[in-house]
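> Sharing a sequence plus its predicted fold:
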Amino acid sequence: MNNDGQKYRMICTLTFGDIYGQIIVWLGVIFLTLATTLALWSSTRQIYALATVGIVLVLSLPFLLFAFVTTLLNHIEFLPLEDDLKSRKVEPAKRTASQVN
């Protein structure tokens with residue numbers, strides 16, 4: 001393995017728009033769960049209502065985290081840094097036809 005001491009810059013290009021859809025879908029799931037809970041809530045079915053909330057949260061959180069983490073990882077870039085001498089070197093300005101004459 002060649003270890004030449006190359007340095008890299010990490011850039012994250014993730015924006016809110018990239019995860020906006022995921023957040024909207026998960027909020028929809030939460031609101032549907034709450035609606036189901038209210039529909040099942042009675043003196044005899046309270047355990048079913050609480051179980052519904054628990055099951056939906058336990059099953060949906062891993063998918064939400066997976067979607068967010070994969071989106072985040074897809075927006076991380078590693079760019080090699082140039083050497084100090086190369087980055088400080090100033091290229092000569094190009095001359096136009098009027099400057100040559």
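Right, received. Where do you want to start? Residues are numbered from 1 along each chain as shown.
> Do you have the strands of the protein handy? List them.
For the chain, applying DSSP state E gives strands covering 8-12, 76-80.
> would JSON lines of the ones you listed with mean neighbour count be doable?
C-betas here are computed from N, CA, C, even on glycine. JSON lines is the format used below for those (neighbours: other CB atoms under 10 Å):
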{"stretch": "strand 8-12", "mean neighbour count": "9"}
{"stretch": "strand 76-80", "mean neighbour count": "10"}
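> Would you mind giving those as TSV with mean pLDDT added?
As requested, those are arranged in TSV below (pLDDT from 0 to 100):
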stretch	mean pLDDT
strand 8-12	91
strand 76-80	91
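> and Leu64, how many residues sit next to it?
16 (other CB atoms under 10 Å).
> ok, now Leu34?
14.
> Let me know the pLDDT of it.
In the predicted model, Leu34 carries a pLDDT score of 88.
> quick one, what contacts it?
Val53 (CB atoms under 8 Å, 6 or more residues apart in numbering).
> Quick check: it vs Phe78, distance?
42 Å (CB to CB, to the nearest Å).
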